[in-house]
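Novice: no FASTA, just this:
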């Protein structure tokens, strides 16, 4: 009898654990709809309407996620946040007491439903994309992947896991349309962006690069030789900011659609080491 | 803790200003006479009369906005535009708290009182920043603050200081020891009620407005007897059945109508009216289901402080769907014999109202607005149909954070200008049905930053309150949440999101001095004096910074 009780307990606990590994609402047709509203209230400020990315947070319509591989991991990420990133733990963003477990599962159901809609997949040749990235495309002069490349632009090691193919293509074709987010200061609402800045010092020397940080009185610039300049604005002859990216526009006559597709395939296949 | 009353009194007495400061000889004489007749302890008592006459003792900062007019102006002029470049840090007090630090400190007779996140209150030596007492009320795990575990400061009256807590209690602390003198639960925090506001002491009452517009509360403004904690009146900002304005809500929507009152109002002793602003109707981003004007959300209420009865109201944004709380400090201004109220509203318009009647005089945009292109017969901007949020969302200016927000403004009687922290930012507003659940966030969908409207711009703007004209502006590197202080030294002080505290020339708005504090500013600065020395203080990061001349 005792043995049977132990066995019963074991089976129950095992079932509970199994239930936590996958979304218990996965087959509930109403869960995704309820999750959409929860998503709007709790997630969309960073991850955008339709989970398509909002600049601050990654696009979640991609099946391949940087930090989660299954529903259980996604539940943990939503519950506990991601250390070292702007992703907060549930209930710690100052927006009340946070979501219930059921509401988190509803959100996961919604995200999975959005993934199903995002059908566009890269058909490019990743090996050729890598050659272009480190070769004629000159991408690696400014961008790093897995520790190799330049520092002037954003590190692209994890970009394949956070942005869609469409958005990556757009950034190659129209780099100024949406400047990338840079340094995130805990005290600021919005991070610094990769804005182009041009400073002329008192002795007439022109420094052009990206602003690593800036306030009303100082600016910290990385120039195209990756030198960092720490400048006081009142000592400058002139200081100008531009939302025109230092990255050149890669038009089809520079990189064909096929070549862009190959680069995107290369980036999409990268995994952070 | 400092339980030595003798030492306390000595500090009080030394808290008086010296001759370098602009105070009337009459007041100094009166203070000496009072000291001789009543002993030192007279200075420990902040009487209602002292609050009404706070302008006569500029060494003290006795309420949230400095005085009842809401001007956040100091008549101290020792620190001025000719010596501002020499300003130095005098002391720093680290609170150990994290999160947005929104307090405006008070100073009474050399003692410095402030609050910090997570239900903290404390008293410091205003000359050195050394603690006299610290108080912290345990924060329950199930509080529902909408926007951080913040608090904007204490009120002082008699021998007590008063503050509201995140779990919706009103607490009176002994000003000398920090001991709890009374503690009243005003509402159930599990239903979304909380306090973040700095209360206002009027006569023998402590006036306080509730937070919780994001949780479908029914907003109210309370008045408590300062001595006993007994509630003397409550004004519900959402009228109940049978009350005027109740028919401005469809069906049962009034029960969860929001209209919080989370920023400090002002008081006109000559007409015996308090002016208290209110916030958004709930749910904030969805008008369907609460058809009507939704009184008294987003309004200015003129209340009789003795009875809590409504004299008049003015609603800035009817049937709001953008979370444009009207909770900005209403500033009392006299011009050509007229008694006016000026308010730079979150919806992007600068309003001037006759405070005897509540009639609108003017409404002028002071930032980027797209939501209105017409005015009603009273001159009030009316929302156009395109501004209403949709399921997929579309861009409206200003955004949900508003053209301004809780950042305290200032009115400088020397320049005749109102200085406002403003932002140009547009957002995508979307809406979706959301059933009310008790204690659950109740937005009716949400807003998102609009990429097409980037970059977001932040300004300090100097506005002529009579014409609405922007006379001068300074553009910050990014939008800031700092309040603004003006002083008789021809200076305006404000902070930025990058952590700078800046002294501006009040006319040109050119920065004359700045200091990098290492933490963003979410608070309003204030000024005071001890031992004849002027100080300017502001909360930034997790600390209080106090500045003065070398």
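Specialist: Arrived safely. Owing to the predicted nature of the structure, the values given are computational and were not obtained by experimental measurement.
Novice: what residues does the stretch 351-500 of chain B put near chain A?
Specialist: Proximity of the stretch 351-500 of chain B to chain A, by Cβ under 8 Å from any Cβ of the partner chain, involves residues B:392-393, B:428, B:430, B:432-434, B:439-441, B:443, B:445-449, B:451, B:455-456, B:476-479, B:496-500. C-beta here means a position set from N, CA and C on the backbone, and glycine is covered the same way.
Novice: Now list the buried members of these.
Specialist: B:393, B:428, B:430, B:432, B:434, B:439-441, B:443, B:445-449, B:456, B:476-479, B:496-500 (16 or more other Cβ atoms under 10 Å in any protein chain shown).
Novice: can you point me to the longest strand in chain A?
Specialist: Longest strand in chain A by number of residues (criterion: DSSP state E): strand A:206-214.
Novice: Could you figure out how far the next helix or strand after it is turned away from strand A:206-214?
Specialist: Following strand A:206-214 in sequence order, the next helix or strand is strand A:218-223 (DSSP states H and E). Counting by axes from the mean of the first three to the mean of the last three Cα atoms, to 10 degrees, strand A:218-223 lies at 120 degrees to strand A:206-214.
Novice: hmm, back to that, narrow the buried ones among the residues of the stretch 351-500 of chain B next to chain A to those in strands?
Specialist: Those of those lying in strands (DSSP E): B:428, B:447-449, B:476, B:500.
Novice: Quick one: which of those residues has the lowest pLDDT value?
Specialist: Among these, residue B:449 carries the weakest pLDDT, at 76.
Novice: What distance do you get for residue B:368 to residue B:427?
Specialist: 12 Å (Cβ to Cβ, to the nearest Å).
Novice: Show me which of these two is the more surrounded one.
Specialist: residue B:427 (26 against 17; other Cβ atoms under 10 Å in any protein chain shown).
Novice: Would you confirm that the more buried one contacts residue B:400?
Specialist: Yes. Using Cβ atoms under 8 Å, residue B:427 is in contact with residue B:400, at 5.1 Å.
Novice: who touches both of those two?
Specialist: Residues within reach of residue B:427 and of residue B:400 at once, by Cβ atoms under 8 Å, 6 or more residues apart in numbering or on different chains, are residue B:447.
Novice: Kindly provide the whole-number mean pLDDT of stretch B:358-367.
Specialist: For stretch B:358-367, mean pLDDT rounds to 97.
Novice: Spell out which residues of the stretch 51-200 of chain B are next to chain A.
Specialist: B:99, B:142-149, B:192.
Novice: Kindly indicate the member of those with the most neighbours.
Specialist: Taking other Cβ under 10 Å as the neighbour criterion, residue B:192 ranks highest of those with 31 neighbours.
Novice: Might you report the residue contacts of that one?
Specialist: Contacts of residue B:192 by Cβ under 8 Å, 6+ apart are A:96, B:144, B:212, B:214-217, B:439, B:442.
Novice: One more: residue B:85?
Specialist: Contacts of residue B:85 (Cβ under 8 Å, 6+ apart): B:512-513.
Novice: and it, that one's in a helix?
Specialist: Yes. The assignment for residue B:85 is a helix, going by DSSP: H, G, I helix; E, B strand; the rest coil.
Novice: And it, how far from residue B:511?
Specialist: The spacing between residue B:85 and residue B:511, counted by Cβ to Cβ, is 10 Å.
Novice: Neighbours of the closest residue to residue B:442 other than its chain neighbours, how many?
Specialist: Spatial nearest neighbour of residue B:442, excluding adjacent residues (Cβ to Cβ, 6 or more residues apart in numbering or on different chains): residue B:216 at 4.0 Å. Residue B:216 sits with 27 neighbouring residues when counted by other Cβ under 10 Å.
Novice: just residue A:166 next, same as before
Specialist: 14.
Novice: all helices of chain B, in order?
Specialist: Along chain B, counting by DSSP state H, helices occupy B:5-14, B:25-38, B:48-52.
Novice: among the ones you listed, which gets the worst mean confidence?
Specialist: Mean pLDDT across the helices of chain B is lowest at helix B:5-14; the value there is a mean of 34.
Novice: Am I right that residue A:113 is in contact with residue A:32?
Specialist: Yes. Contact criterion Cβ under 8 Å: residue A:113 and residue A:32 qualify, at 4.1 Å.
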